[in-house]
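Enquirer: this one's structure only:
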Ligand code: ADP
C-alpha cells in the first residue's frame, strides 16, 4: 500500500505545484502532482486533498477529497483585524498585511489573497477546519501530545521549592491516595485540578509536572503553547479539545488521573488587551475545558509561565488555574541539593565540596546547575578520569557564568 496523507490546499503555485497544510499544522510543498482519478479537475485553494506518496516515482498522485475549493486567490488567510482597508491576517507563515480589503470583511473570516497580498475574495466566515471537511475515516487522532518517555523523577528529585512540594503533596498526592479515599469523602475534600506554575525558565516547572505524573501514576500530556498557537486554520481549538479528550481516555483506561501540562501558557492566553482574534478563541476554548472539570475530576491541568502578569485574568479565577505556585531561582541550600541530585550516581572525587560550588553559582537556575554538572562530566572524560573533580565543576561553573554574561 502506498503511503498517503491528507491536507488542505493553502496555495496553488502552478498546475503541478501545491502548498498544503497537513493536519498536524505543518505546511508542505507538493511538486510534480498528477491527477489520481479521471474526473480530476485542477485543484483549488481550500480543497482537501489526499496525496499519495509513491517512492518509486517522482510524481505525487493527488485525489480530491472534498471540493470546498474557493476557486479564487492564491493564499487563504484568516483575518485578525481590519482598519482603513488594510487587514492583518494570519497565514501558516505568520502574520502579514493585506491591502484593498472592503469594509464588510471582519475579524475571524477567511479571505483569499492574491500573490501580491491584495484582497481577492471572501471565502468563509470562519477559519477553515480541516477535520470538518475530511471523511469520517480520516479524522482519527494523529496528534501526539502524550509524553511517552519514561518518567522516573519524583518530588525527592527536586531541589528546594519546599512550598511547591508541600502544596502538591497536600492538595494532590495525599487526597488521591487510595488509602485516604474514605477520609476524603467524609471531609468533602475537593482535588486541586488547576495549578499554575510561574517563575523563570529552568526553575523546574516541567520537572515538577513530571513528578506529579509519576506520583499519581498517571499519563502526562505536554502542550507547548507557542507551537500550538503557531498553527491556525481552526485547528488550535480542536487540538485543545483533542488533548483533553485524549487525556480523559487515558485516565479512564488507567484508572489514574491524567496530567495536562501547558508550557508557556502566556503565549496561548495573553491578557485581554494584547490578545488577537485567534488567541481570544483559544482562551474561550481553554476556559470551556477548564469549566467542564466538575464532570470529569480525572484530569489535572498544570499551566507554566514566566510571565504571570501577562496572562488573561479570566484563566486565574477560582475553579480554573487557582492554585498558583511560584518557582524562583534556588537559594544556597537548594542549589546544593540540585547539584547533588544532578550528580546522582556519578562518581565524584574526594575533593568535591558542593557547598562551595553552590556558593559560587549565586544567580543560577536549576537548569544551569544541571548543565554545570553535565559539562563537568565531559571535562572529566576529556581528562580520562573516572570521577568528577572539584576543578571540573569549577571550570564548568565559570564557563556557564561567562556564557550568561
Ligand atoms: P522549566 O520547566 O521551569 O523551564 P525544567 O523543569 O525544564 O524547567 O528544568 C530543566 C532541567 O533543569 C531539569 O530537567 C533539571 O535537570 C534541572 N532542574 C531545574 N530545576 C530543578 C530543581 N529544582 N531540582 C532539580 N533539578 C532541576
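Expert: Right, received. Where do you want to start? Remember, it's a predicted structure, so these values are computed and weren't measured experimentally.

Enquirer: does residue 276 really touch residue 78, like I thought?
Expert: No: the criterion here is C-beta atoms under 8 Å, and residue 276 misses it with residue 78 at 10.2 Å. Any C-beta I mention is one placed from the backbone N, CA and C, and that applies to glycine too.

Enquirer: what residues are shared contacts of these two?
Expert: Among the neighbours of residue 276, those also in contact with residue 78 (C-beta atoms under 8 Å, 6 or more residues apart in numbering) are residue 90.

Enquirer: So the two - more neighbours on which side?
Expert: residue 78 (24 against 16; other C-beta atoms under 10 Å).

Enquirer: and that one, what element?
Expert: Residue 78 is located in strand 75-83, with elements delineated by DSSP states H and E.

Enquirer: The stretch 201-350 of the chain: strands as residue ranges?
Expert: Taking DSSP state E, counting those that start in this stretch as the criterion, the stretch 201-350 of the chain carries its strands at 219-224, 258-263, 299-305, 323-326.

Enquirer: can you give me how far the third one is from the chain middle?
Expert: What that stands for is strand 299-305. For strand 299-305, the gap between its own C-alpha mean and the chain's C-alpha mean amounts to 11 Å (C-alpha atoms, centre = their mean, to the nearest Å).

Enquirer: Equivalent analysis for the shortest one, please.
Expert: Counting by C-alpha atoms, centre = their mean, strand 323-326 is centred 20 Å from the centre of its parent chain.

Enquirer: Tell me the helices and strands packed up against the helix or strand just after the strand holding residue 78.
Expert: Following the chain from strand 75-83 toward its C-terminal end, the next helix or strand by DSSP H and E is strand 86-91. Packed against strand 86-91, as judged by 3 or more C-beta pairs under 8 Å, 6 or more residues apart in numbering; DSSP states H and E, are the following elements: strand 75-83, strand 94-98, strand 110-113.

Enquirer: okay, the ones you listed, which one's buried deepest?
Expert: Between those, strand 110-113 has the highest mean count of neighbours, a mean of 23, where neighbours are mean count of other C-beta atoms under 10 Å.

Enquirer: by contact count, what packs against that strand?
Expert: Secondary-structure packing of strand 110-113 (3+ C-beta pairs under 8 Å, 6+ apart): strand 75-83, strand 86-91, strand 119-124.

Enquirer: Roughly how far does residue 145 sit from the ligand?
Expert: Counting by C-beta to the nearest ligand atom, to the nearest Å, the gap from residue 145 to the ligand is 17 Å.

Enquirer: just residue 224 next, same as before
Expert: For residue 224 relative to the ligand (C-beta to the nearest ligand atom), the value is 11 Å.

Enquirer: What's opposite that residue in the beta bridge?
Expert: Using DSSP bridges, the bridge partners assigned to residue 224 are residue 263.

Enquirer: what's the burial count for it?
Expert: 15.

Enquirer: isn't it right next to residue 264, touching?
Expert: Yes: between residue 224 and residue 264 a contact is recorded at 6.8 Å, counting by C-beta under 8 Å.

Enquirer: can I get the helices and strands packed on strand 110-113 in CSV with mean pLDDT and distance to the ligand?
Expert: Listed next are the helices and strands packed on strand 110-113 as CSV, based on pLDDT from 0 to 100; distance: least, C-beta to the nearest ligand atom, whole Å:
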stretch, mean pLDDT, distance to the ligand
strand 75-83, 82, 29
strand 86-91, 82, 27
strand 119-124, 81, 39
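
Enquirer: got TSV for those, with distance to residue 180 too?
Expert: TSV is the format used below for these (distance: least, C-beta to C-beta, whole Å):
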stretch	distance to residue 180
strand 75-83	48
strand 86-91	48
strand 119-124	52
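
Enquirer: Which among these is found nearest to residue 47?
Expert: strand 75-83 (10.7 Å; C-beta to C-beta).

Enquirer: Distance-wise, check residue 96 relative to residue 282.
Expert: Per C-beta to C-beta, to the nearest Å, residue 96 is found 20 Å from residue 282.

Enquirer: Check residue 225 too.
Expert: 9 Å.

Enquirer: Check the spacing between residue 299 and residue 191 real quick.
Expert: If you go by C-beta to C-beta, the gap between residue 299 and residue 191 works out to 10 Å.

Enquirer: Show me which of these two is the more surrounded one.
Expert: Residue environment comparison for residue 299 versus residue 191 gives the larger neighbour count to residue 299, 23 against 14, counting by other C-beta under 10 Å.

Enquirer: quick one, the strand holding residue 78 and strand 119-124 angle?
Expert: 100 degrees (axes from the mean of the first three to the mean of the last three C-alpha atoms, to 10 degrees).

Enquirer: now strand 75-83, how far from the centre of its chain.
Expert: Mean C-alpha position of strand 75-83 versus that of the full chain (C-alpha atoms, centre = their mean) differs by 24 Å.

Enquirer: count of residues packed around residue 7?
Expert: In terms of burial, residue 7 registers 23 neighbours under the definition other C-beta under 10 Å.

Enquirer: In the stretch 1-150 of the chain, which residue sits closest to the ligand?
Expert: When distances are taken as C-beta to the nearest ligand atom, the stretch 1-150 of the chain approaches the ligand most closely through residue 149, which lies 11.7 Å from it.

Enquirer: do the stretch 51-200 of the chain as well
Expert: Per C-beta to the nearest ligand atom, residue 159 is where the stretch 51-200 of the chain lies closest to the ligand, at 3.9 Å.

Enquirer: One more: the stretch 201-350 of the chain?
Expert: residue 204 (2.9 Å).

Enquirer: Quick check: that residue touching residue 155?
Expert: No: under the criterion of C-beta under 8 Å, residue 204 lies out of contact with residue 155, with a separation of 10.6 Å.

Enquirer: Any buried residues in stretch 162-180, and which?
Expert: Of all the residues in stretch 162-180, those buried under the rule 16 or more other C-beta atoms under 10 Å are 164-165, 167-168, 171-173, 175-176.

Enquirer: Likewise for stretch 321-341?
Expert: 321, 325, 327, 329-330, 334-339, 341.

Enquirer: show me what contacts the residue of the stretch 201-350 of the chain closest to the ligand?
Expert: With the criterion set at C-beta under 8 Å, 6+ apart, residue 204 makes contact with 158-159, 161, 327, 366.
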